[in-house]
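Novice: What would the 3D arrangement of this be:
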Amino acid sequence: MQTDDFGFGTQIRKSPYFDATVRWGARGFSVYNHMYIPRDFGDPVENFWNLVNDAILCDVAVERQVEITGPDAARFVQRLTPRNLSQMAVGQCKYILITNAEGGLLNDPVLLRLAENHFWISLADSDILLWAQGVAVHSGLNITITEPDVSPLQLQGPKSADVMQALFGQSVFDQHIADLRYYWHCELELDGIPLLVSRTGWSSELGYEIYLRDGSRGDELWEKIMTAGKPLGLKPGHTSSIRRIEAGMFSYHADADIHTNPFELRMDRLVDLQMDADFIGKQALQKIKTKGLSRLQVGMQLEGDPLQGPNTTFWPVSIDGSDIGKVTSAVYSPRLKQNIALAMVSAEHAAVGAEVDVISGKGQLKARIVDYPFFDPKKQIASG
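Specialist: Numbering: from 1, shown residues only. Next up, the predicted model:
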């Protein structure tokens, strides 16, 4: 592939790692946050096994950062999310939800606190930079909101710590990385390349996100990581649909959108309606909680032959011919030897054990509602 000829024009951005990913075998891309993201390094099942057995390096520069600084930064960030941030420490990360005035979900980013008045919001796929700047206009708060020159990579898998040790050297690894707790971060340099390293990642495996703070050095950073990791089995890869569905991790625009509220996703733990601080959507979420839910996310096992890749459309779900919802994400898990799915269905039909019909692209499938996550439900792998 000739990288200069690739794409749809300058309106879709290329990451600092784009050329490197093509050199290392990226065959296909999609667009996320107005930027290309590698989605194909060959067999997705092989990518899955590389992730769960060894380690993969993923270009996730599409996780754009919204940087919020200023004397009122903490107050402003709390205004954006229903998660209580009052105990969030400098150096900590938190998975948060961002809601609108109706309680609908706008994004499910990771929030990082770099200093007392310095935050990054590491985004899923929606324009929260514009939302935050709009919210700030009449807020009366003293803040600055920008998109910094920051581009993350994900190093994920059981050998990721070994790769980090080889990359940074024993001394730096022991001092800064070895004891880095799950959902915490530290600032480092690698041969003069400015970085932030966090114990996070979109895989539910042991892993790190490496945030490059100088886009001009993206190619160099990618090659350094691959060189350090190649003897340990590191492969270039992409975020695994198989692994994230096994883990019950929802994907924005697929499993949730602006019309989805946190309670439908069973994320009550990320909503504090009792805290004193006000946040956008608080009154709406209070009303939803009081009224009760009309639908819920569920896990499903689907019968039939192994699915050939994830679904690309929503699949209707019915009971006795009556529509009750839709399958939002479905895939075959080679580890579980089972077709598994996430679905949004009417609350009255969301009981575990219920048998339903699913109209897939290949015809009607029998399915059963089950508990989820499907694998490692307590995230012992990622947090251990």
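
Novice: Below-threshold pLDDT in the protein: ranges please.
Specialist: 1-6 (pLDDT under 70).

Novice: in stretch 340-351, what's buried?
Specialist: Neighbour-count burial for stretch 340-351 flags 340, 341, 342, 343, 344, 345, 346, 349, 350 (criterion: 16 or more other Cβ atoms under 10 Å). Any C-beta I mention is one placed from the backbone N, CA and C, and that applies to glycine too.

Novice: which residues does the fifth one bridge with?
Specialist: Taking DSSP bridges as the rule, residue 344 bridges to residue 297, residue 326.

Novice: Please shift the residue numbers so they start at 18 in all later answers.
Specialist: Renumbered: residue one is now 18, and that last one reads residue 361.

Novice: Mind listing residues that contact stretch 190-200?
Specialist: Residues outside stretch 190-200 that contact it (Cβ atoms under 8 Å, 6 or more residues apart in numbering): 109-112, 178, 181-182, 185, 203, 205, 214-217, 225, 399-400.

Novice: Please read the previous query as pertaining to stretch 287-302.
Specialist: Contacts for stretch 287-302 (Cβ under 8 Å, 6+ apart): 92, 95-101, 103, 112-114, 116-121, 152, 278-280, 303, 306.

Novice: Make CSV out of the buried residues of stretch 357-368 and add distance to residue 266.
Specialist: Output for the buried residues of stretch 357-368, formatted as CSV (distance: Cβ to Cβ, whole Å):
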residue, distance to residue 266
357, 12
358, 13
359, 9
360, 15
361, 15
362, 19
363, 23
366, 23
367, 19
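
Novice: I'd like to know how many residues surround the closest residue to residue 135 other than its chain neighbours.
Specialist: Nearest residue to residue 135, sequence neighbours excluded (Cβ to Cβ, 6 or more residues apart in numbering): residue 86, at 5.1 Å. Burial of residue 86 is recorded as 19 neighbouring residues (other Cβ atoms under 10 Å).

Novice: and residue 86, what is it in contact with?
Specialist: For residue 86, the contacting residues are 134, 135, 136, 160, 161, by Cβ under 8 Å, 6+ apart.

Novice: returning to that earlier point: mind checking which of the contacts of stretch 190-200 are in strands?
Specialist: 110, 111, 112, 203, 205, 214, 215, 225 (DSSP state E).

Novice: Generate a PyMOL selection restricted to the buried subset of the contacts of stretch 287-302.
Specialist: Applying 16+ other Cβ under 10 Å to those, the buried members can be selected in PyMOL as follows:
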select buried, resi 92+95+96+97+98+99+100+101+113+114+116+120+121+152+278+279+280+306
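
Novice: among the contacts of stretch 287-302, which are in helices?
Specialist: The helices, defined by DSSP state H, take in 92, 95, 96, 97, 152, 303, 306 from these.

Novice: I figured residue 189 was touching residue 208, is that so?
Specialist: No - the pair residue 189 and residue 208 does not pass the contact test of Cβ atoms under 8 Å, sitting 11.2 Å apart.

Novice: Strands along the stretch 68-217 of the chain, start to end?
Specialist: Taking DSSP state E, counting those that start in this stretch, the strands of the stretch 68-217 of the chain run over residues 72-76, 82-86, 110-112, 115-116, 122-124, 127-132, 135-139, 161-163, 168-173, 202-207, 210-215.

Novice: Reformat these as JSON lines; add distance to residue 387.
Specialist: Listed next are the strands of the stretch 68-217 of the chain as JSON lines, based on distance: least, Cβ to Cβ, whole Å:
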{"stretch": "strand 72-76", "distance to residue 387": "28"}
{"stretch": "strand 82-86", "distance to residue 387": "36"}
{"stretch": "strand 110-112", "distance to residue 387": "24"}
{"stretch": "strand 115-116", "distance to residue 387": "28"}
{"stretch": "strand 122-124", "distance to residue 387": "24"}
{"stretch": "strand 127-132", "distance to residue 387": "28"}
{"stretch": "strand 135-139", "distance to residue 387": "31"}
{"stretch": "strand 161-163", "distance to residue 387": "42"}
{"stretch": "strand 168-173", "distance to residue 387": "26"}
{"stretch": "strand 202-207", "distance to residue 387": "35"}
{"stretch": "strand 210-215", "distance to residue 387": "32"}
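
Novice: got a winner among the contacts of residue 86 for most neighbours?
Specialist: residue 136 (24 neighbours).

Novice: Surely that residue and residue 90 touch.
Specialist: Yes - in this structure, residue 136 is within contact of residue 90 by Cβ under 8 Å, at 5.7 Å.

Novice: Straight-line length of stretch 118-130, end to end?
Specialist: One end of stretch 118-130 sits 25 Å from the other (Cα to Cα, to the nearest Å).

Novice: With stretch 197-207 instead?
Specialist: 17 Å.

Novice: what does the domain assignment say about this protein?
Specialist: 20-80+166-261, 82-151, 311-401 (automatic domain parsing).

Novice: Can you name the residues that contact residue 267?
Specialist: So residue 267 contacts 125, 273, 282, 314, 345, 346, 359 (Cβ under 8 Å, 6+ apart).

Novice: just these now: which is nearest residue 44?
Specialist: Distances from residue 44 to the contacts of residue 267, taken as Cβ to Cβ, are shortest for residue 346 (22.1 Å).

Novice: follow-up on the earlier one: format the contacts of residue 86 as TSV; extra columns: distance to residue 198.
Specialist: Putting these into TSV (distance: Cβ to Cβ, whole Å) gives the following:
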residue	distance to residue 198
134	23
135	20
136	19
160	28
161	29
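
Novice: Tell me the one among the residues you listed nearest to residue 67.
Specialist: residue 136 (33.3 Å).
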